[in-house]
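A.B. asks: how does the following fold in three dimensions:
(chains A and B)
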Amino acid sequence: MRTLAEAAIIVAAGALLGLAGNAASPRPAALAQPVHSAAESGTGMCAVPGAAPAARVPRIQVEEAKGLCDACKAGFADARGASEFAAGHVTNAVHLPPAGHPEEAISIAALRAYPMVIVYDGDYTCALADEVAHRLLREGLPDVRVLEGAWPAWSAAGGAGTSGFCPSCHDPGEVHR
Amino acid sequence: MNLLLALLRIGLGGTFLYAAVTKLPDMAAFAESVANYRLVPPSLVPAVAAVVIGVEIALGALLVSGRLARGAALVGTGILAIFTVGLSQALLRGIDLRCGCFGGTESATWATVLRDGGMLAVAIVLLVRGPGRLLPERTGTRDRPRDASAATEG
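C.D. replies: Down below sits the predicted model:
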């Protein structure tokens, strides 16, 4: 009984301490504002405003994807914004953000040359790559995967990368989202 | 045994403190991690995130200091059981998420579940066996009648 009373005191004190800590945090959680999971709400950092959350497309691990990249057995599609793409992307990847861009058809045609297409974005929790992957599947591409761990995992694993704006991104300042 | 229990208690308390300190600078990110477990209604996520960190601080301080240690072990058992179940259900549902354990971007894996399970086992041991003692009890305390034995020997 005494242990239970102690536990109740600890939880109550902890709750107050946590609220105080949140108020003192440089980046507090907004208590009055609901926080949805990135996958359910489509409000993650890579989500397209207003877009419905996409179902999960089969994943591929970085190591397997690296092998396919080195052997030119897979095409890569980068689903991030133009500036992120320009800062660094998988070598020979086409830029294919969910909102599309003027010469998207050319990019998709280029991907048809590969038996498999691997789509990636900037954050493994976001649905951006899933959205693009679904679009490619609807376009009739037979085997589309999403890169597990996204660009951070690829670059951390030393995957082939390059930088520069995509040819279709006419205005380097324009962010295709 | 007392020393071992005390070391386990201090280790567990230190881990809770470290976990809280790494999350405090970015509570908003931790709230997102909590949301991604999809266990808490979105409207409650920020408050739950704040309470979890506060409880971790309280638990850490109490376990390290040894005050209210049994109550702290009970709360620790509860919170670690929730963490372990939360992580496991997310992994079983195929939810790809950051564990949110020590701030940063550590992914939740079965190794994370194992780690939480280990901490849960420590909390249960502390709950059942007591907090232990870092230093031997002083002569004359009720648990160790050293005076009597010393008198007999003398």
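A.B. asks: and residue B:38, its phi and psi?
C.D. replies: Backbone torsions for residue B:38, taken as degrees, to the nearest 10, come to phi 50, psi 40.
A.B. asks: that one and residue B:106, how far apart?
C.D. replies: Residue B:38 sits 19 Å away from residue B:106, going by C-beta to C-beta, to the nearest Å. (Glycine included, C-beta is placed from N, CA and C.)
A.B. asks: of these two, which one has the most company?
C.D. replies: A count of neighbours by other C-beta atoms under 10 Å in any protein chain shown puts residue B:38 above the other of residue B:38 and residue B:106, at 18 against 13.
A.B. asks: for chain A, what helix or strand is lowest in average pLDDT?
C.D. replies: Among the helices and strands of chain A, helix A:38-41 carries the lowest confidence by mean pLDDT, DSSP states H and E, at a mean of 49.
A.B. asks: how about low-confidence regions in chain A?
C.D. replies: Applying pLDDT under 70 to chain A flags residues A:36-55, A:124-126, A:164-177.
A.B. asks: right, and the helix or strand after the least confident helix or strand of chain A?
C.D. replies: Counting by DSSP states H and E, the next helix or strand C-terminal to helix A:38-41 is strand A:59-60.
A.B. asks: list the strands paired with that following strand, with their directions.
C.D. replies: In its sheet, strand A:59-60 lies beside strand A:144-147 (parallel), with partners assigned from DSSP bridges.
A.B. asks: could you point out which element follows the partner strand?
C.D. replies: helix A:150-156.
A.B. asks: which secondary structure elements does that following helix contact?
C.D. replies: Helix A:150-156 is packed against helix A:62-70, strand A:89-90, strand A:116-120, with contacts defined by 3 or more C-beta pairs under 8 Å, 6 or more residues apart in numbering or on different chains; DSSP states H and E.
A.B. asks: what residue is smack in the middle of chain B?
C.D. replies: The centroid of chain B falls nearest to residue B:76 when counting by C-alpha atoms, centre = their mean (4.5 Å).
A.B. asks: so which strand or helix has that residue?
C.D. replies: helix B:69-92.
A.B. asks: give me the buried positions along that helix.
C.D. replies: Buried residues in helix B:69-92, counted by 16 or more other C-beta atoms under 10 Å in any protein chain shown: B:69-80, B:83-84, B:86-88, B:90-91.
A.B. asks: can I get the next helix or strand after that helix as PDB, trimmed to CA atoms?
C.D. replies: Sequence-wise, the next helix or strand downstream of helix B:69-92 (DSSP H and E) is helix B:110-129. Presented in PDB, the C-alpha positions along helix B:110-129 are these (Å, rounded to 0.1, in the frame of the first residue of the first chain):
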ATOM      1  CA  TRP B 110      13.800  -5.600 -31.800                       C
ATOM      2  CA  ALA B 111      17.100  -4.800 -30.200                       C
ATOM      3  CA  THR B 112      15.400  -1.700 -28.700                       C
ATOM      4  CA  VAL B 113      12.700  -4.000 -27.400                       C
ATOM      5  CA  LEU B 114      15.300  -6.200 -25.800                       C
ATOM      6  CA  ARG B 115      17.000  -3.300 -24.200                       C
ATOM      7  CA  ASP B 116      13.700  -2.100 -22.700                       C
ATOM      8  CA  GLY B 117      13.000  -5.700 -21.600                       C
ATOM      9  CA  GLY B 118      16.300  -5.700 -19.800                       C
ATOM     10  CA  MET B 119      15.500  -2.500 -18.000                       C
ATOM     11  CA  LEU B 120      12.100  -3.800 -17.200                       C
ATOM     12  CA  ALA B 121      13.600  -6.900 -15.600                       C
ATOM     13  CA  VAL B 122      15.900  -4.600 -13.500                       C
ATOM     14  CA  ALA B 123      12.900  -2.500 -12.300                       C
ATOM     15  CA  ILE B 124      11.000  -5.700 -11.300                       C
ATOM     16  CA  VAL B 125      14.000  -7.000  -9.400                       C
ATOM     17  CA  LEU B 126      14.200  -3.700  -7.500                       C
ATOM     18  CA  LEU B 127      10.500  -3.800  -6.800                       C
ATOM     19  CA  VAL B 128      10.700  -7.300  -5.400                       C
ATOM     20  CA  ARG B 129      14.000  -7.300  -3.700                       C
END
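A.B. asks: ok and helix B:110-129 relative to helix B:69-92, angle-wise?
C.D. replies: For helix B:110-129 against helix B:69-92, the angle by axes from the mean of the first three to the mean of the last three C-alpha atoms, to 10 degrees is 160 degrees.
A.B. asks: which residues are contacting helix B:110-129?
C.D. replies: Applying C-beta atoms under 8 Å, 6 or more residues apart in numbering or on different chains, the contact partners of helix B:110-129 are A:3, B:1, B:5, B:8-9, B:11-12, B:15, B:63, B:69-70, B:73-74, B:76-77, B:80-81, B:83-84, B:87-88, B:91, B:99, B:101, B:106, B:132.
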